[in-house]
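> Can you look at this prediction? I've put the sequence above it.
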Amino acid sequence: MNERAEQQPDTLSSQTPGGPRHVAIIMDGNGRWATMRGRPRLFGHHAGAKRVREVVEACPDVGVEYLTIFAFSTENWKRTQVEVAGLMSLFRRYIAKETRALGENGVRVRFIGDRVRLDDKLIKLMNDLETATEHNERVHLTIALNYGGRDEVARATKRLAQDVADGRLDPVDVDEETLPRYLDTYVLPDPDLVIRTSGEARISNFLLWQSAYAEYEFIDTLWPDFTREEFARLCASFGGRDRRFGAVKT
């Protein structure tokens with residue numbers, strides 16, 4: 001089995017008492033927020049990018065060690081060429097601008113998703129940011145960029161099948177603990193809490209495998225209006241949930 005597959009994902013997240021250890025966020029509503037103000041959609045995306053910093057900075061205060069944000073999906077390529085180009089430019093600017101602050105705040109950054117369609121300059125910035133922050137441990141920030149849950153599972157299955165074909169993995173040994181070792185998130189614990197802003201109640205192909213036992217919060221707040229106070233409230237509310245994972249208390 002290859003080196004990647006041998007690394008076990010941390011599955012202790014679901015056993016952690018109190019607040020969530022890993023929070024994943026579908027940051028929705030940037031375009032609508034801008035339209036409501038008579039501004040172009042990209043104005044909303046820029047406003048939303050500022051919220052990312054505030055939420056990352058709030059993580060240690062609420063006990064969140066891992067934060068995963070949905071920045072750009074595999075389906076987002078269907079948007080207008082102007083918006084897609086603007087988003088790619090925003091990602092490059094964000095990485096260049098935030099690298100120093102992320103390092104100073106002890107944030108480790110990882111990117112998940114398929115990088116094939118991304119431009120070389122953006123990929124280099126992503127690689128450099130991952131390298132520059134690889135020793136940080138205060139907060140683990142994962143950015144899903146050109147990411148789709150089904151695409152991730154398909155790519156993981158191809159890697160698993162290749163290991164079987166090459167004789168590194170016996171098909172008899174494949175079980176539900178095997179595939180996670182081939183996912184983009186193989187070094188991360190599963191999310192405890194998934195938040196979606198803007199009033200939409202769907203998961204939009206985000207962390208499909210990993211969120212099997214996550215708690216969900218669908219809130220009406222548009223992402224640019226999301227505050228650290230609301231983030232703290234949702235994390236505190238999580239601590240009061242009765243999570244049985246299919247079992248019944250005796």
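Noted; the coordinates are in hand.
> next SSE after the helix ranked longest in the chain?
If you go by DSSP state H, the chain has its longest helix at helix 81-104. Downstream of helix 81-104, the next assigned helix or strand under DSSP states H and E is strand 107-112.
> Please state the offset of that following strand from the chain centre?
In terms of Cα atoms, centre = their mean, to the nearest Å, the centre of strand 107-112 is found 9 Å from the chain centre.
> Could you do stretch 89-96 as well?
With Cα atoms, centre = their mean, you get 17 Å for stretch 89-96.
> same thing with stretch 112-128?
Using Cα atoms, centre = their mean, the distance between the centre of stretch 112-128 and that of its chain works out at 16 Å.
> what's the span of that stretch from first residue to last?
Chord length of stretch 112-128, first to last residue, is 15 Å (Cα to Cα, to the nearest Å).
> can you state the direction angle for the longest helix of the chain and strand 107-112?
150 degrees (axes from the mean of the first three to the mean of the last three Cα atoms, to 10 degrees).
> Tell me which residues are up against helix 81-104.
With Cβ atoms under 8 Å, 6 or more residues apart in numbering as the test, helix 81-104 has contacts from 41-42, 45-46, 49, 52-53, 56, 71-72, 76-77, 79, 109, 118-119, 121-122, 125-126, 128-129, 132-133, 136, 141, 145. C-beta: built from backbone N, CA, C; applies to glycine.
> rerun at 6 Å
41-42, 45, 49, 122, 125, 129, 133 (Cβ atoms under 6 Å, 6 or more residues apart in numbering).
> Also stretch 61-71?
19, 21-27, 59, 140-145, 206, 232, 235.
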